[in-house]
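Colleague: no sequence on this one, just coordinates:
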């Protein structure tokens, strides 16, 4: 059997020759070998188990020949340091959303202090936002909603595995929580315009219901802003993730629907307008 060094070298080149990320090969190798990141460097000269090797090679072909996301092959993605189960029923968590969570946690602490906080995550998908908020701030009682019952099943599984006390409800946007009031509403809705060209790796494998947001990508923000205060307490925070080119339009929409609020728009680590926070005192 070849050793890990040779396996990595050969298959990384295979990926590069086919226009794929060679870093994905390392992630697949560690997954099928059961390694932590530090293990691989210590065991490069060891031979790989034959069964694990066959599974790894099959996964490499699945990634390169069938253009399947490695997160769907491994059925996991790490978000905010926590392992989340992902599959074709939910959007794969992105790094930009980790930034949204970080700012939300900071604003909650500054705005509400150490008091108990009710948070709702609209369009929860894998449950990553609601689950992490609950884990990172013990004063937060989180609820997640999603129109997809399959997504809700994934979210519940993730919260259970991470021992997070989060309630998940199936239904469209605000419908499942119309009889409740929250201090914070967080939402990372579908915001890709319907006619925008999308990488086949994303378009062919991730749920379209979690990707596309109408002709301009703003349909879900419009629907939320029309009724959002019906589920919010008098003093609240709203946190949105959005496309970088829609920040100005979204700000105008917010001003049309919500009065006497403070709007803060922030750039992500790539310098793109990605997050909008709304405060009512």
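Modeller: On my side now, so go ahead. Treat the numbers as computed from the prediction; the structure is a model and nothing was measured. Numbers count the residues shown, from 1 in each chain.
Colleague: What ranges does this structure have for its helices?
Modeller: Here the chain has its helices, by DSSP state H, at 4-17, 22-33, 37-42, 50-64, 70-74, 95-112, 128-136, 149-161, 200-203, 219-227, 247-257.
Colleague: most packed of those helices?
Modeller: Highest mean neighbour count among the helices of the chain (mean count of other CB atoms under 10 Å): helix 128-136, with a mean of 26. All C-beta spots, glycine's among them, are computed from the backbone N, C-alpha and C.
Colleague: lowest-confidence helix or strand of the chain?
Modeller: When each helix and strand of the chain is scored by mean pLDDT, DSSP states H and E, helix 200-203 comes last, with a mean of 60.
Colleague: rank the helices of the chain by pLDDT, which is bottom?
Modeller: Looking at the helices of the chain, the lowest mean pLDDT belongs to helix 200-203 (a mean of 60).
Colleague: Show me where the stretch 151-281 of the chain dips below the pLDDT cut-off.
Modeller: Applying pLDDT under 70 to the stretch 151-281 of the chain flags residues 191-215.
Colleague: now with 80?
Modeller: Counting by pLDDT under 80, the stretch 151-281 of the chain has low-confidence residues at 190-217.
Colleague: Which residue ranges of it form strands?
Modeller: Here the stretch 151-281 of the chain has its strands, by DSSP state E, counting those that start in this stretch, at 166-170, 182-187, 232-241, 262-267, 273-280.
Colleague: Relative to the shortest one, what are the paired strands and their orientations?
Modeller: Paired neighbours of strand 166-170 in the sheet (DSSP bridges): strand 140-146 (parallel).
Colleague: orientation of the partner strand relative to helix 128-136 in degrees?
Modeller: Strand 140-146 and helix 128-136 are oriented at 170 degrees to each other (axes from the mean of the first three to the mean of the last three CA atoms, to 10 degrees).
Colleague: re the thing from before, quick check: which of the strands of the stretch 151-281 of the chain is buried the most?
Modeller: Greatest average neighbour count among those goes to strand 182-187 (a mean of 23), per mean count of other CB under 10 Å.
Colleague: So what are the sheet partners of that one and their directions?
Modeller: strand 117-122 (parallel), strand 232-241 (parallel).
Colleague: Give me the contact list for it.
Modeller: Contacts with strand 182-187, where a contact means CB atoms under 8 Å, 6 or more residues apart in numbering, come from 100, 104, 108, 112, 117-123, 129-130, 133, 143, 220, 224, 228, 231-233, 235-241.
Colleague: what's the answer for stretch 38-49, then?
Modeller: Contacts for stretch 38-49 (CB under 8 Å, 6+ apart): 1-5, 7-8, 26, 29-30, 33, 35, 56.
Colleague: and with 7 Å instead?
Modeller: Under the criterion CB atoms under 7 Å, 6 or more residues apart in numbering, residues 1, 2, 3, 4, 5, 7, 29, 30, 33 lie in contact with stretch 38-49.
Colleague: Which residue is the nearest non-sequential neighbour of the most centrally placed residue in the chain?
Modeller: Nearest to the geometric centre of the chain sits residue 93, at 2.7 Å (CA atoms, centre = their mean). Distance criterion CB to CB, 6 or more residues apart in numbering; nearest residue to residue 93, sequence neighbours excluded, is residue 79 at 4.1 Å.
Colleague: Then residue 109?
Modeller: residue 137 is the one closest to residue 109 (CB to CB, 6+ apart), at 7.3 Å.
Colleague: That neighbour contacts residue 107, correct?
Modeller: No - if you go by CB atoms under 7 Å, residue 137 and residue 107 don't touch, sitting 11.2 Å apart.
Colleague: Domains of this structure: list them as residue ranges, please.
Modeller: As given by automatic domain parsing, the domain ranges for the chain are 4-66, 77-280.
Colleague: List the contacts of the nearest residue to residue 100 once chain neighbours are set aside.
Modeller: Computed as CB to CB, 6+ apart, the closest residue to residue 100 that is not its neighbour in sequence is residue 241, at 4.8 Å. Each residue near residue 241 by CB under 7 Å, 6+ apart is listed here: 96, 97, 100, 188, 274, 275.
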